[in-house]
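**Q** no sequence on this one, just coordinates:
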């Protein structure tokens, strides 16, 4: 096991009726901005509950945050924040709204020029407006971590940042609100959480037995509960297990003492930037291709994954690896998520653009051990044409 430090200050409120507790978590007299996306919080009753809970506060609303949150929209919120002296943010929705809120909070305090530098040039985040979260869509784990991903339409880029200033002060997790989600969003959440775990688990053995078992437990829970929630999003018990699995998948716990990869995300972000494909669907495309390209280098963990998660114990090593990849693809596709580039109208020209962009950014060897070279990136995507 590798050395590690673990810190996570986020206070969690989970389950029905928890929104009423948020007023006590926000400093008295705060001027709050409530941020949300396309308006689902009006349909699932969350907006009404938040309004009641915050009736003694001055609240400004900012809606319209996109499924892939953009720099352009985020900066409009920053302008209002400065104009109205907003001093607390509340994100209500899924990972996109939370990620935007993290960037908005950091951008409002940024004093080194264009806040896009936080993403494009790894500019220093020296502070952030405090914020809380009302989670209505399980997927990204952003409700309990310090990470954010933002797109910029003008440059067709999608970039990430991470800062200890970007942990939520609290997060309210609402499985009942998630019960109103359409099946495609539920499917995206399942796959997103699944690949988050894989990026931290399927690298190479370091004898981190607790972390491996934690990761495998989350994967097995997603396999067992995911189809139930996909078929019936209003199954409260199944949705509860999905929501907590997605949170645990990326709150830092299973990454302790183990190597991470994240090249699936790096490649997937480019597919979203160029074609607007849902984030989870890009992961479902890239993950199998990368395993095929690196099957020898990741052999030990692929075999462990096949045996412990999918109960694959018979056949040669190559046959078991093939079976593990096939099981994963079948799981994704059983949720209505296609795993081929051609299913999204994407061809070889996009592969060329991604490889060229990585070369320009000097992303020549990413992922664990630097295994994902430009050649491997190309090969992984070509497997998925």
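**A** Okay, I see it. All values reported here derive from a predicted model rather than from experimental measurement.

**Q** The stretch 1-150 of the chain: strands as residue ranges?
**A** Counting by DSSP state E, counting those that start in this stretch, one finds strands in the stretch 1-150 of the chain at the ranges 11-14, 31-35, 58-62, 88-93, 131-135, 147-152.

**Q** residues of the first one that come out buried?
**A** Right, the one you point to is strand 11-14. If you call a residue buried by 16 or more other Cβ atoms under 10 Å, then strand 11-14 has these buried ones: 12, 13. Every residue, glycine included, has its C-beta placed from N, CA and C.

**Q** Tell me the strands beside it, with direction?
**A** With DSSP bridges as the criterion, the sheet partners recorded for strand 11-14 are strand 170-173 (parallel).

**Q** pLDDT (mean, whole number) over the partner strand?
**A** Confidence over strand 170-173 (mean pLDDT, whole number) is 98.

**Q** Without its sequence neighbours, what residue ends up closest to the most centrally placed residue in the chain?
**A** Centroid-nearest residue in the chain, with Cα atoms, centre = their mean: residue 140, separated by 2.9 Å. Counting by Cβ to Cβ, 6 or more residues apart in numbering, residue 95 is the residue found nearest to residue 140 once chain neighbours are left out, at 2.9 Å.

**Q** give the contact list for the one you found.
**A** When contacts are counted by Cβ atoms under 8 Å, 6 or more residues apart in numbering, residue 95 is found next to 137, 139, 140, 141, 142, 143, 192.

**Q** ok, 10 Å please
**A** With contacts taken as Cβ atoms under 10 Å, 6 or more residues apart in numbering, residue 95 has the following neighbours: 67, 69, 133, 135, 137-143, 147-149, 188-189, 192, 246, 250, 279.

**Q** what does residue 228 give?
**A** Under the criterion of Cβ under 10 Å, 6+ apart, the neighbours of residue 228 are 235, 237, 238, 239, 241, 242.

**Q** Count residues in the vicinity of the fifth one, would you?
**A** Counted by other Cβ atoms under 10 Å, the residues lying close to residue 241 total 20.

**Q** That one: helix or strand, and which one exactly?
**A** Here residue 241 sits within helix 236-249, counting by DSSP states H and E.

**Q** buried sites along that helix?
**A** Of the residues in helix 236-249, those scored as buried under the neighbour-count criterion (16+ other Cβ under 10 Å) are 236, 238-249.

**Q** And residue 272, how close does it get to residue 140?
**A** Relative to residue 140, residue 272 is positioned 13 Å away (criterion: Cβ to Cβ, to the nearest Å).

**Q** got any residues that touch both of those two?
**A** Residues touching both residue 272 and residue 140 (Cβ under 10 Å, 6+ apart): 149, 279.

**Q** so what pLDDT did residue 39 get?
**A** At residue 39, the model reports a pLDDT of 87.

**Q** Could you pull out the strands in the stretch 151-300 of the chain for me?
**A** With DSSP E, counting those that start in this stretch applied, the stretch 151-300 of the chain shows strands at 157-162, 170-173, listed in chain order.

**Q** What are the contacting residues of the first one?
**A** Counting by Cβ under 10 Å, 6+ apart, the neighbours of strand 157-162 from elsewhere in the structure are 68-71, 99, 102-103, 106, 116-123, 125, 145-152, 262, 265-266, 268-274, 279, 282, 357, 361.

**Q** Pull out the buried residues from these.
**A** In terms of neighbour count (16+ other Cβ under 10 Å), the buried residues within the contacts of strand 157-162 are 68-71, 99, 102-103, 106, 116, 118-120, 123, 125, 145-152, 262, 265-266, 268-274, 279, 282.

**Q** thinking again about what came up before, who's in contact with the residue nearest to the centre of the chain?
**A** By Cβ under 10 Å, 6+ apart, the neighbours of residue 140 are 94-96, 98-99, 147-149, 188-189, 192-193, 196, 246-247, 249-250, 279-280.

**Q** how close does it sit to residue 24?
**A** Applying Cβ to Cβ, one obtains 26 Å for the distance of residue 140 from residue 24.

**Q** For the closest residue to residue 72 other than its chain neighbours, give its distance to residue 26.
**A** Excluding its sequence neighbours, the residue lying closest to residue 72 (Cβ to Cβ, 6+ apart) is residue 153, at 5.8 Å. Counting by Cβ to Cβ, the gap between residue 153 and residue 26 amounts to 32 Å.

**Q** And for residue 341?
**A** If you go by Cβ to Cβ, the gap between residue 341 and residue 26 works out to 45 Å.

**Q** next one: residue 254
**A** 30 Å.

**Q** These two: which is more packed in?
**A** For residue 254 and residue 26, the more surrounded residue by other Cβ under 10 Å is residue 254, and the numbers stand at 25 against 21.

**Q** For that one, give me its contacts.
**A** Contacts here follow Cβ under 10 Å, 6+ apart; on that basis residue 254 touches 196-197, 200-201, 208, 210-218, 248, 260.

**Q** Which of those residues ranks first by neighbour count?
**A** If you count neighbours using other Cβ under 10 Å, the busiest of the contacts of residue 254 is residue 196, which has 29 neighbours.

**Q** Quick check: pLDDT value at it.
**A** Reported pLDDT at residue 196 in the predicted model: 98.

**Q** cool, and the one 4 residues further on?
**A** pLDDT for residue 200: 98.

**Q** Quick check: it touching residue 194?
**A** No: here residue 200 does not reach residue 194: they are 11.6 Å apart, not a contact under Cβ atoms under 10 Å.

**Q** which residues do the two both contact?
**A** Counting by Cβ under 10 Å, 6+ apart, the shared contacts of residue 200 and residue 194 are residue 249.

**Q** What segments of the stretch 251-385 of the chain are helices?
**A** If you assign secondary structure with DSSP state H, counting those that start in this stretch, the helices in the stretch 251-385 of the chain sit at 263-275, 279-293, 299-310, 317-334, 348-360, 374-383.

**Q** so of those, which one's packed in deepest?
**A** Comparing the helices of the stretch 251-385 of the chain by mean neighbour count (mean count of other Cβ atoms under 10 Å), helix 279-293 comes out on top with a mean of 25.

**Q** gap between that one and the chain center?
**A** 15 Å (Cα atoms, centre = their mean, to the nearest Å).
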